[in-house]
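Peer 1: Output the structure for:
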Amino acid sequence: MTAGPGPLALVGGDEFGPGNEPIDELLVAAAEGGPAFVLATAAARQGPGAAVANATRWFGAIGLDVVELPATKRSHATSASNAERAPAGRFFYLVGGDPGLVPKTLADTPLWEAIVDAWRAGAVLAGSSAGAMALCEWTLVRERMPGDDRRRYLPALGVVRGVAVLPHFETFGHRWVDSAIAAAPRDDVLLLGPDERTAAVWQDGSWRALGAGGVTVIAHGERRRFESGEAIDGLPQPDVDAPPS
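Peer 2: Modelled structure (predicted):
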């Protein structure tokens, strides 16, 4: 098994289709030696079966057989049998969907703890759109009604501290910037805006942009854009250390 944590990918959305190859081929190459899982948690209200089928088709075409790790209900995440499957996994992908569902379903559960432990031991961990949002310290949900561009912060899974993701940045995520800055729970919040089919990828101790577009970082009133292949400066390192027992 690989020593140390595996790659971590925060994808801007529009996953499982052309344009994602640079990201997903890297992840597939790092996933050898064990089961590969897709988690349809964020799509629980929007057709999780279709999300799993899309992932299965897409990754199968680039050389990785993935299966669903059930995680659309809290009972799935607290299931001992599900948690026992995760340690052998070498690849975990959280699909897009509802930004509030993933933390609500997975936080502080045996399944999520097992997934993070597997990542820290070398497995791939990736999330797209709502899945990427959940991997950071906060996720952003609508302030009020559907269609409202104003966002409010909710605690997420915290693999990357100090960060909130604005997915689909070039299509609609950029419209969230002002409200995300205004509502920030701390002065040092960093906003990460990956374009669709683009990711901030952490591997071997550093971050870089990868995919069809670019990644925008907004911190301390400064906005910077990183094109595919460029190193991303200033993005916090993920939480690679397990808490003391």
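Peer 1: quick one: low-confidence parts of this protein?
Peer 2: Scanning the chain with the threshold set as pLDDT under 70 gives 1-3, 143-149, 242-245.
Peer 1: need the strands for it, in chain order.
Peer 2: 8-11, 36-39, 67-68, 91-94, 124-128, 136-142, 151-155, 160-165, 190-194, 198-203, 206-211, 214-219, 222-227 (DSSP state E).
Peer 1: what's the longest helix in this protein?
Peer 2: For the chain, the helix reaching the highest residue count under DSSP state H is reported as helix 48-61.
Peer 1: from the chain's centre, how far out does it sit?
Peer 2: Averaging C-alpha positions (C-alpha atoms, centre = their mean, to the nearest Å) puts helix 48-61 17 Å from its chain's average.
Peer 1: for it, packing partners?
Peer 2: helix 21-29, strand 36-39 (3 or more C-beta pairs under 8 Å, 6 or more residues apart in numbering; DSSP states H and E). Using the backbone N, CA and C atoms, a C-beta is placed for each residue, glycine as well.
Peer 1: now the ones you listed as CSV including mean neighbour count and distance to residue 8?
Peer 2: Shown next, in CSV, are those (neighbours: other C-beta atoms under 10 Å; distance: least, C-beta to C-beta, whole Å):
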stretch, mean neighbour count, distance to residue 8
helix 21-29, 20, 10
strand 36-39, 27, 15
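Peer 1: could I get those as a markdown table with distance to residue 233?
Peer 2: Output for these, formatted as a markdown table (distance: least, C-beta to C-beta, whole Å):
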| stretch | distance to residue 233 |
| --- | --- |
| helix 21-29 | 20 |
| strand 36-39 | 30 |
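Peer 1: who's the nearest residue to residue 169 once chain neighbours are set aside bridged to?
Peer 2: Of all residues not flanking residue 169 in the chain, residue 193 sits nearest, at 3.4 Å (C-beta to C-beta, 6 or more residues apart in numbering). Under DSSP bridges, the beta-bridge partners of residue 193 are residue 216.
Peer 1: returning to that earlier point: next, format the strands of the chain as CSV and append distance to residue 116.
Peer 2: Below are those laid out as CSV (distance: least, C-beta to C-beta, whole Å):
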stretch, distance to residue 116
strand 8-11, 11
strand 36-39, 13
strand 67-68, 19
strand 91-94, 9
strand 124-128, 8
strand 136-142, 14
strand 151-155, 16
strand 160-165, 12
strand 190-194, 19
strand 198-203, 14
strand 206-211, 19
strand 214-219, 23
strand 222-227, 26
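Peer 1: Figure out which of the ones you listed is closest to residue 61.
Peer 2: Shortest separation from residue 61 across those is recorded for strand 36-39, at 13.6 Å, computed as C-beta to C-beta.
Peer 1: Which neighbouring elements make contact with the closest one?
Peer 2: helix 48-61, strand 67-68, strand 91-94.
Peer 1: okay, those, which one's buried deepest?
Peer 2: strand 91-94 (a mean of 28; mean count of other C-beta atoms under 10 Å).
Peer 1: on that earlier part again, I'd like to know which of the helices and strands packed on helix 48-61 is closest to residue 62.
Peer 2: The nearest among the helices and strands packed on helix 48-61, by C-beta to C-beta, is helix 21-29 at 5.6 Å.
Peer 1: which secondary structure elements does that closest one contact?
Peer 2: Here helix 21-29 touches strand 8-11, helix 48-61, strand 91-94, strand 124-128, strand 198-203, strand 206-211, going by 3+ C-beta pairs under 8 Å, 6+ apart.
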